[in-house]
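Engineer: Sequence and predicted structure are below.
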Amino acid sequence: MHIVVCIKQVPDSAQIRVHPVTNTIMRQGVPAIINPYDLFALEEALCLKDKHGGTVTVITMGPPQAEAALRKALSFGADDAILITDRAFAGADTLATSFALASAIRQIQKNMPVDMVFTGKQTIDGDTAQVGPGVAKRLDMQLLTYVSKIVAVKPEASEIVVERRAEGGVQLLKTSLPCLVTVLEGNNQMRFANMPNMFRAARHPLKLWNREEAGIADDDIVKIGLKGSPTVVSKVFAPTPKSERAEMIEVESGDPKDMAVTVLSKMFTRFPAVEKEIAKRAR
């Protein structure tokens, strides 16, 4: 069984700042990390490898410094890593990114069939959740999004059963392989890298693919980078900090009913429109 995991190196969102004049993200001095959602996908792939055997290949599209993210993934137990890097990819949005990743996966399939592709549900620097479905569509793979649990994988029958979080409940789905799975957070915990894998990751000869090696022909250059990206970011801004402090409400009685009445009374006094709306819906 061969599993490909798509990851992305992103700036640590806890340390991102926005320039007060240009309203652009200030990346200088901000450490880069593996997208946290992608770690859940990687761990799920490694668990399947532990159970059924096979190979886990990690790929990412990015600048040369994204090599650090791939070596980190190798230290966790991935078998191979491919960095898709070329100036032609610069400025890619989700449409162009999914095209480049799908092209690279087709190249991988020429040497070894791919049974599953794993991605995180989204990235913390874009939050669009569009790349995974875009790759699945371009590869004509079955798509399973927002997967909270992999119930069973049957390689001999080319089947997978998953639990998918949906509005109002959980869906139990079964489909055939090959498929693409976008993994939700919280369904596993990333393992620690052991010493042998850390040494192996440091020595591993990463594959560096440019546009041609990723299978993108000259005719398709308009589908990657800025040329293939119809999305335009018009403005980036930081949320306005709230100046109003939280109000402390004191209730003499410890009865939950009295506490609820006091809080609702205060809220309706300050926001009369809310009271009218609740009364309207209660009719």
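Structural biologist: Structure's in. What do you need?

Engineer: Helices of the stretch 1-150 of the chain, start to end?
Structural biologist: 36-52, 67-76, 94-111, 131-139 (DSSP state H, counting those that start in this stretch).

Engineer: Make a markdown table from those and add mean pLDDT, mean neighbour count and distance to residue 231 to it.
Structural biologist: To be clear about C-beta, it is placed using only N, CA and C from the backbone, and glycine gets the same treatment. Shown next, in a markdown table, are the helices of the stretch 1-150 of the chain (pLDDT from 0 to 100; neighbours: other CB atoms under 10 Å; distance: least, CB to CB, whole Å):
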| stretch | mean pLDDT | mean neighbour count | distance to residue 231 |
| --- | --- | --- | --- |
| helix 36-52 | 96 | 21 | 20 |
| helix 67-76 | 97 | 21 | 23 |
| helix 94-111 | 96 | 20 | 7 |
| helix 131-139 | 97 | 21 | 12 |
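
Engineer: In JSON lines, list those along with distance to residue 232.
Structural biologist: What follows is these, written out as JSON lines (distance: least, CB to CB, whole Å):
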{"stretch": "helix 36-52", "distance to residue 232": "25"}
{"stretch": "helix 67-76", "distance to residue 232": "27"}
{"stretch": "helix 94-111", "distance to residue 232": "12"}
{"stretch": "helix 131-139", "distance to residue 232": "18"}
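
Engineer: per-domain residue ranges of this protein.
Structural biologist: Domain assignment of the chain by automatic domain parsing yields the ranges 2-223, 242-283.

Engineer: Highest mean neighbour count out of the ones you listed?
Structural biologist: Mean neighbours per residue, mean count of other CB atoms under 10 Å, is largest over the domains of the chain for domain 2-223, with a mean of 18.

Engineer: Can you give the contact residues for stretch 69-81?
Structural biologist: Residues from elsewhere that reach stretch 69-81, judged by CB atoms under 8 Å, 6 or more residues apart in numbering: 5, 7-9, 32-34, 42-43, 45-46, 49, 55-60, 62, 82-83, 190-191, 193, 197-198, 200-202, 204, 206-207.

Engineer: Of those, which belong to strands?
Structural biologist: If you go by DSSP state E, those have 5, 9, 32-34, 55-60, 82-83, 207 in strands.

Engineer: Please name whichever of those scores lowest on pLDDT.
Structural biologist: Among those, residue 32 carries the lowest pLDDT, at 89.

Engineer: isn't that one right up against residue 12?
Structural biologist: Yes. Residue 32 is within contact range of residue 12, at 7.2 Å (criterion: CB atoms under 8 Å).

Engineer: and the nearest residue to residue 208 once chain neighbours are set aside, what are its bridge partners?
Structural biologist: Of all residues not flanking residue 208 in the chain, residue 83 sits nearest, at 5.2 Å (CB to CB, 6 or more residues apart in numbering). Assessed by DSSP bridges, residue 83 has beta-bridge partners residue 60, residue 208.

Engineer: Kindly confirm my reading that residue 240 forms part of a helix.
Structural biologist: No. Applying DSSP: H, G, I helix; E, B strand; the rest coil, one finds residue 240 to be coil, outside a helix.

Engineer: Strands along the stretch 151-283 of the chain, start to end?
Structural biologist: Per DSSP state E, counting those that start in this stretch, the stretch 151-283 of the chain carries strands over the ranges 159-166, 169-176, 179-183, 207-209.

Engineer: Tell me the helices and strands packed up against the second one.
Structural biologist: Going back to what we said before, that points to strand 169-176. Under the contact definition 3 or more CB pairs under 8 Å, 6 or more residues apart in numbering; DSSP states H and E, strand 169-176 sits against strand 142-154, strand 159-166.

Engineer: And residue 93, how far from residue 134?
Structural biologist: Residue 93 sits 10 Å away from residue 134, going by CB to CB, to the nearest Å.

Engineer: coming back round to it: ok, the residue nearest to residue 208 touching residue 210?
Structural biologist: No. Counting by CB under 8 Å, residue 83 does not reach residue 210; the two are 10.1 Å apart.

Engineer: can I get the ones in strands among the contacts of stretch 69-81 in TSV with distance to residue 244?
Structural biologist: Converted to TSV, the ones in strands among the contacts of stretch 69-81 look like this (distance: CB to CB, whole Å):
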residue	distance to residue 244
5	44
9	38
32	36
33	33
34	37
55	55
56	50
57	51
58	46
59	47
60	43
82	50
83	47
207	54
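
Engineer: Fine by me, thanks again.
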